[in-house]
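> turn this into a structure:
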Amino acid sequence: MKIEKIKNFNQVILAIAGILGLILMLIFIIVVISDFWDFGSGRNTTITNSLIAEEKVETLNQENMRLQIISYESPKLIDTLNAVYIIPISVSTLDKPETVVEANSDGLMALMDSYGSMRKKGYYPENYFDGLFANLIVYKPAENKTVLLFNERIMLSGLSAYNFKDDILLVFYTAEKDNNKDGLVNFNDDTNLCIYSLKSGKMHRIAEGENSITDYQFIENSKDLLIEFSLSQYKDVKFKSYKPRKILRYEFENEKLSEVVPTQIQQQMQNLVEGKKAQ
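Prediction:
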């Protein structure tokens, strides 16, 4: 009786093992076929949140090769009255470098012309555009005008449109250099802030040395901003909470940064924290 039970148990175990083996074999076959298909296509791409650092790009350029390709996101209507769109540009990274082939300019204009009929009447509520991009295009169908905001390699994120009585401002964070030397330009590097005026076409670029901008807000009834900076001198120091920060005011018209908290008050607060008596 016991021998019969053992036989039955062994048969069950063997059956389970056989089923698991079959499942693993099917998974292996699917993976092999998928890899073969990708290899055959030669242009397998993935969307990345980084630009390849300049050193590697220079090597690819010397060989007339490229590893990253621009990709246009859906146009966003930011000015309903004047039918102004922005077209974010992201980056796709190839698994293997490809030879550079020069393209004509007809493709982009054909793409944007197809959005000329997208204008909607009424208020367009969306003012924040999620994603990480490698550039921005401002497109005005009524004027058949296309403006590329940057003529340099850059990453941007946190894109917001702010409506004022006399203007619309595009505000976003930027990463411009491989500061941490990891071979990529992304938001693990130093972060700055940019403001683009649709009315004047002027770009305001806000930075303070190697201090990274972590947050901002407009001062009420004004285009001036209060900007939060993470202090670079503590970049490699570990803290139990977030790293020390400071607040500066940016005057939009004068393009000037200034301290919100005077140096004397800063020192007074630091002395209080350290338990030092006022001198």
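> what is the least confident helix or strand in this protein?
Lowest on mean pLDDT, DSSP states H and E among the helices and strands of the chain sits helix 106-113, with a mean of 41.
> list the residues that contact residue 257.
Residue 257 makes contacts with 206, 208, 227, 248, 249, 250, 251, as judged by C-beta atoms under 8 Å, 6 or more residues apart in numbering. For the C-beta atoms, the positions are set from N, CA and C on the backbone; glycine is no exception.
> in TSV: the residues you listed, plus secondary structure, pLDDT and neighbour count.
Listed next are the contacts of residue 257 as TSV, based on DSSP: H, G, I helix; E, B strand; the rest coil; pLDDT from 0 to 100; neighbours: other C-beta atoms under 10 Å:
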residue	secondary structure	pLDDT	neighbour count
206	strand	96	19
208	strand	92	16
227	strand	92	21
248	strand	90	20
249	strand	93	14
250	strand	96	23
251	strand	96	14
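> can you pick out the most distant pair from these?
Farthest apart among the contacts of residue 257 by C-beta to C-beta are 208 and 251. That separation is 14.0 Å.
> pLDDT below threshold where in the stretch 1-150 of the chain?
By pLDDT under 70, the weakly predicted segments of the stretch 1-150 of the chain are 1-15, 17-18, 28-49, 69-72, 74, 92, 94-96, 98-126.
> so residue 204 sits right up against residue 216, yeah?
No: applying C-beta atoms under 8 Å as the test, residue 204 and residue 216 come out as separate, 11.9 Å apart.
> can you give the contact residues for the strand or helix carrying residue 138?
Using DSSP states H and E, residue 138 sits in strand 135-140. Surrounding strand 135-140, the residues in contact under the criterion C-beta under 8 Å, 6+ apart are 70, 72, 75, 82-89, 112, 115, 145-150, 154, 156, 159, 170, 172, 196, 198.
> following element in sequence after it, please.
Next element after strand 135-140 (DSSP H and E): strand 145-148.
> can you mark which positions in that next one are buried?
Neighbour counts over strand 145-148 (16 or more other C-beta atoms under 10 Å) mark residue 146 as buried.
> and for stretch 163-177?
Neighbour-count burial for stretch 163-177, counted by 16+ other C-beta under 10 Å, picks out 168, 169, 170, 171, 172, 173, 174, 175, 176.
> stretch 210-223 too?
Buried, per 16+ other C-beta under 10 Å, within stretch 210-223: 211, 212, 213, 216, 218, 223.
> of all those, which comes closest to residue 64?
residue 212 (35.7 Å).
> for residue 59, identify the helix or strand it belongs to.
Following DSSP H and E, one finds residue 59 within helix 54-62.
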